[in-house]
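Visitor: curious how this folds, go ahead:
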Amino acid sequence: MAVTEPAPAAAPVAFEGILRRQSARESAARTYARALPIVPVRARGLTIEGADGRRYLDCLSGAGTLALGHNHPVVLEAIRKVLDSGAPLHVLDLATPVKDTFTTELFRTLPPRLADRARIQFCGPAGTDAVEAALKLVRTATGRSDVLAFTGAYHGMTAGALDASGGATGVRVARLPYPQDYRCPFGIGGTRGAELAGRWTENLLDDPKSGVPQPAGMILEPVQGEGGVIPAPDDWLRHMRQITAARSIPLIADEVQTGVGRTGMFWAVEHSGITPDVMVLSKAIGGSLPLAVVVYRDDLDAWGPGAHAGTFRGNQLAMAAGAATLAYVRENRLAERAGVLGARMLGQLQGLAAEYACVGDVRGRGLMIGVELVDPAAEDPAAPGPPPAAPELAATVQRECLRRGLIVELGGRHSSVVRLLPPLTLTDEQASAVLDRLADALAAAVHRHHVD
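Guide: As a prediction, the model looks like this:
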C-alpha cells in the first residue's frame, strides 16, 4: 500500500466542533484524545483519515490491538460472515461454532506444552478483566493470596490489575526488580544485572525473615510495554521459570500487548522457550474487537461454576475476527516478518542515537519499539547512570510527529519513551516513511528545546 502524504484540512469547522463537544462531555480521565486531537473517520491498514481531511500513519494501532491494521479484508469478511449467517451475537458462555473455531485456532498457536493440557476462561472484554481472572485463578488453586510482580509493570486499570502494576502502594504484592540495561536497578545492566535481579527474587522467597509469604503466583510481561518497551532477557525469564517451578508458584505471563506476533514470535515467551502456567491474552486476539481470555494449565482449574463470569464474554463478532486474525498471522508468517523488519528499524533508529545526545536508548523486540529521550544538559557527572528523562521533549516529539502525519505513543516511567506499535502488515516503504517522519519530528523538537 502506498504511503499517502497528509492532505490539507478540508472541514475544520466540523472537526473542531466535534473536539469541543468531546472536551465538554467526556471524563477528565480521557488520555489519548488529549495528546492526539484528531477525529478519525476512515481507516485502512496503517492509514487513518481524519475529519479534517488529513491522513496519518498510525503507529499506535489501538495500543497494539490492530495486528493487521485497520479494517483488514480478512477481518471484515469474518465479521460479515457472522452477521449474514443470522447467528446469535450474544450467547454468554454457551458453545457455538464461532467460539469453537476461535478456541481451535488459538490452541493451535499456543506453546505446545501449554496447549496439550490447557483450559480457557473467557473473561470480560478487556485485558485488565483477564488479569483479574488470572489472579483469582491462582489464588483459588493455591489457597494463597499474595502475588509477586515487578517494577515498571502495567497490567490494567481495575483494582487487582493496578495492585500488580508498578504504581501500586499498600497492597498484597511483593515488588521485584525487572532487569534492564539502560536504567538497571543495580547500576550495572547486562547479564550481571539480570543475574542479580534473579538472586534478589530467590533470596526474597527463601529468606524466612523477608516478610514475603509463599505467594499465589508471579505475574510478568515478557516485554514491558507501558513501562518503556523493556524486553526481558531470555536467561532471566528462564530463571524466573525455574524459581517458580521449584517452589510451586504459578507463573502468569501477561501477553496482552506482546502476543500474536508482535515481538517476532507468536507469543513473546517463545523467545526464551519457557512455558508459563497461565497466559493472559487480549488486544490482538479479538481482531480489533473486544475480547480477553485466560489460558492456563488444567491442574489449576480449581474454581467452581460461576467463580468467574462476565456478561459480554461470548462476543461472537470478536471471536470470528480474532480467529481470522490468528490464522492470517500464522499462515503468512507475520511474526517472523515482524522480527526481521523490527530489527531493521531498530538498527536505523540507532543512527538517531549516534546523532543526538538526547536519544538515550533505542530498544524493543519485533514491532514493539521504544526510543527513550533524555536531557544530557541535566546530567550530573558525579552521579552514575544515564541522564534524567526528558518528558517535555518527548511530548514535543509526539506533537511534531502528529504535525507530520505520524501517530506515536509515549510510555516509560516519566512518559519519555516514544513508542512505535505499527501493524504487522507494515511494508518496507511504510517503515521508511515512519522513520523519516520520526527523524524529522525529532530534529524539530531538538531545535525547539535547544538540545542535541
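
Visitor: can you pull the contacts of the residue lying closest to Pro125 once chain neighbours are set aside?
Guide: Once flanking residues are discounted, Pro125 sits nearest to Pro290: 3.3 Å by Cβ to Cβ, 6 or more residues apart in numbering. For every residue, glycine as well, the C-beta is placed using N, CA and C. Pro290 makes contact with 125-126, 312, 315, 318, according to Cβ atoms under 8 Å, 6 or more residues apart in numbering.

Visitor: ok, so of those residues, who is nearest Leu421?
Guide: Nearest to Leu421 among the contacts of Pro290 is Ala126, at 17.3 Å by Cβ to Cβ.

Visitor: number of residues surrounding the nearest residue to the closest one once chain neighbours are set aside?
Guide: Leaving out its chain neighbours, the residue that sits closest to Ala126 by Cβ to Cβ, 6+ apart is Ala292, at 5.7 Å. Ala292 has 30 neighbours, counted by other Cβ atoms under 10 Å.

Visitor: and Ala292, what does it touch?
Guide: 122-127, 129-130, 256, 280-282, 285-286.

Visitor: if we can go back for a sec, you'd agree the residue nearest to Pro125 is in a strand?
Guide: No - Pro290 is assigned coil when assessed by DSSP: H, G, I helix; E, B strand; the rest coil, not a strand.

Visitor: ok, it to Ser282 distance?
Guide: 8 Å (Cβ to Cβ, to the nearest Å).

Visitor: intersection of neighbour lists for those two?
Guide: Contacts common to Pro290 and Ser282, judged by Cβ under 8 Å, 6+ apart, are Ala126.

Visitor: touching, Leu438 and Val408? I think so.
Guide: Yes - using Cβ atoms under 8 Å, Leu438 makes contact with Val408 at a distance of 7.1 Å.

Visitor: show me what counts as buried in stretch 282-292.
Guide: Across stretch 282-292, burial judged by 16 or more other Cβ atoms under 10 Å covers 282-292.

Visitor: quick one: end-to-end distance for it.
Guide: 4 Å (Cα to Cα, to the nearest Å).

Visitor: same check, this time on stretch 253-262
Guide: 15 Å.

Visitor: just how off-centre is that stretch within its chain?
Guide: Stretch 253-262 sits 6 Å away from the centroid of its parent chain (Cα atoms, centre = their mean, to the nearest Å).

Visitor: swap in stretch 194-208?
Guide: 27 Å.

Visitor: swap in stretch 119-132?
Guide: For stretch 119-132, the distance to the chain centre is 15 Å (Cα atoms, centre = their mean).

Visitor: ends of that stretch, what's the gap?
Guide: End-to-end distance (Cα to Cα), stretch 119-132: 16 Å.

Visitor: state the pLDDT value of Arg344.
Guide: As predicted, Arg344 sits at a pLDDT of 97.

Visitor: doesn't it lie inside a helix?
Guide: Yes - assessed by three-state DSSP, Arg344 belongs to a helix.

Visitor: so how far is Arg119 from it?
Guide: Relative to Arg119, and taking Cβ to Cβ, Arg344 is found at 39 Å.

Visitor: His308 too?
Guide: 12 Å.

Visitor: do Ala284 as well
Guide: 21 Å.

Visitor: who has more neighbours, His308 and Arg119?
Guide: His308 (20 against 13).

Visitor: dump the residue contacts of the closest residue in space to Pro384 that isn't next to it in sequence.
Guide: With Cβ to Cβ, 6+ apart as the measure, Gly187 is the residue that lies nearest to Pro384, at 5.8 Å, once sequence neighbours are left out. Shown in contact with Gly187 (Cβ under 8 Å, 6+ apart): 193, 384-385.

Visitor: any of those buried? List them.
Guide: Gly193.

Visitor: tally up the residues packed near Gly143, please.
Guide: For Gly143, using other Cβ under 10 Å, the count is 9.

Visitor: please report the distance of it from Ala133.
Guide: Distance from Gly143 to Ala133, by Cβ to Cβ: 17 Å.

Visitor: do the same with Glu221
Guide: For Glu221 relative to Ala133 (Cβ to Cβ), the value is 17 Å.

Visitor: before we move on, what about Ala284?
Guide: Taken as Cβ to Cβ, the span from Ala284 to Ala133 is 18 Å.

Visitor: so how far is Leu89 from the closest residue to Ser248 other than its chain neighbours?
Guide: Using Cβ to Cβ, 6+ apart and skipping the chain neighbours, the partner closest in space to Ser248 is Thr142 (7.7 Å). Distance, Thr142 to Leu89, using Cβ to Cβ: 37 Å.

Visitor: now swap in Phe107 and tell me
Guide: 24 Å.

Visitor: give me the more crowded residue out of those two.
Guide: The neighbour comparison of Phe107 against Leu89 (other Cβ under 10 Å) goes to Phe107, with 15 against 11.

Visitor: secondary structure element for that one?
Guide: If you go by DSSP states H and E, Phe107 is part of helix 97-109.

Visitor: and the closest residue to Leu106 other than its chain neighbours, what element?
Guide: Nearest residue to Leu106 in three dimensions, chain neighbours excluded: Leu326, at 6.2 Å (Cβ to Cβ, 6+ apart). Assigned by DSSP H and E, Leu326 belongs to helix 316-331.

Visitor: in that helix, what counts as buried?
Guide: Going by 16+ other Cβ under 10 Å, helix 316-331 has these buried residues: 316-330.

Visitor: out of those, which is nearest to Leu420?
Guide: Val329 (18.5 Å).

Visitor: do you know how far that closest one is from Gly322?
Guide: Taking Cβ to Cβ, one finds Val329 at 11 Å from Gly322.

Visitor: next, name the residue at the spatial heart of this structure.
Guide: Gln257 (2.6 Å; Cα atoms, centre = their mean).

Visitor: isn't that one up against Ser61?
Guide: No - Gln257 sits out of contact with Ser61 when judged by Cβ under 8 Å, with a separation of 10.2 Å.

Visitor: thinking again about what came up before, what touches both of Leu438 and Val408?
Guide: Joint contacts of Leu438 and Val408 (Cβ under 8 Å, 6+ apart) are 397, 401, 418, 420.

Visitor: nearest to Tyr32, of these?
Guide: Cys401 (13.8 Å).

Visitor: sticking with the closest one, tell me its helix or strand.
Guide: Counting by DSSP H and E, Cys401 is found in helix 391-403.

Visitor: so the residue nearest to Pro384, which of the three states?
Guide: Going by three-state DSSP: Gly187 is coil.
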